[in-house]
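**Student:** build me a model:
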Amino acid sequence: MAQKPVRKNAPDAQATLAIHRQQETFSGPIPHPEILKKYAEIVPDAPERILAVFEKDSEHLRVIEREALRAEVHETRLRNWMAFGLAGFSLVAGTAAAFSGHEAFASVIVGASCVGLVTGFLQ
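**Tutor:** So this is what the prediction gives:
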């Protein structure tokens, strides 16, 4: 039996348009729980293995960050001690030059050292 075409301007004609759109986003270091369930259907212990890898990677990242911070602190301390040593040497050399009669040379040594130290600490 063939259907009758419905005219748009007929009084009993109804037009229904339904659009269903669903969008889901997920962002994170581990897969979405639904994806983990699908992995479990393929390999039963896959979610545990995936989480174990994530935990190992997280611990490794924390160790690297901790070591980088320690290295930065060590480098800063070493730089400060070297600046202190250079400043002390410059003051001793300038004082020795001044007492030996080379006042102009002594003022250049001490002045350049002070300018360099102030510039270095202000950066």
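
**Student:** hey, which helix is longest across the protein?
**Tutor:** For the chain, the longest helix by residue count, based on DSSP state H, is helix 46-99.

**Student:** pLDDT of it, averaged?
**Tutor:** For helix 46-99, mean pLDDT is 93.

**Student:** from the contact counts, what lies against it?
**Tutor:** Applying 3 or more Cβ pairs under 8 Å, 6 or more residues apart in numbering; DSSP states H and E, one finds that helix 46-99 makes contact with helix 33-42, helix 103-122. C-beta coordinates here come from the backbone N, C-alpha and C atoms, glycine included.

**Student:** can you tell me the centre-most residue of this structure?
**Tutor:** Central residue of the chain (Cα atoms, centre = their mean): E65, 9.7 Å from the mean position.

**Student:** now the longest helix of the chain, how far from the centre of its chain.
**Tutor:** 17 Å (Cα atoms, centre = their mean, to the nearest Å).

**Student:** same deal with stretch 92-108?
**Tutor:** 49 Å.

**Student:** ends of that stretch, how far apart?
**Tutor:** With Cα to Cα, to the nearest Å as the measure, stretch 92-108 spans 13 Å from end to end.

**Student:** buried ones in that stretch?
**Tutor:** Neighbour counts over stretch 92-108 (16 or more other Cβ atoms under 10 Å) mark 94, 97-98, 106 as buried.

**Student:** stretch 40-58 now?
**Tutor:** Quick answer for stretch 40-58 (16+ other Cβ under 10 Å): 46-47, 50.

**Student:** now distance to G116 too, for the buried residues of stretch 92-108, in JSON lines please.
**Tutor:** Output for those, formatted as JSON lines (distance: Cβ to Cβ, whole Å):
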{"residue": "G94", "distance to G116": "13"}
{"residue": "A97", "distance to G116": "17"}
{"residue": "A98", "distance to G116": "19"}
{"residue": "A106", "distance to G116": "16"}
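
**Student:** between the residues you listed, which is closest to Q22?
**Tutor:** Nearest to Q22, judged by Cβ to Cβ, of these is G94 at 77.3 Å.

**Student:** what about the closest one, distance to M82?
**Tutor:** The spacing between G94 and M82, counted by Cβ to Cβ, to the nearest Å, is 18 Å.
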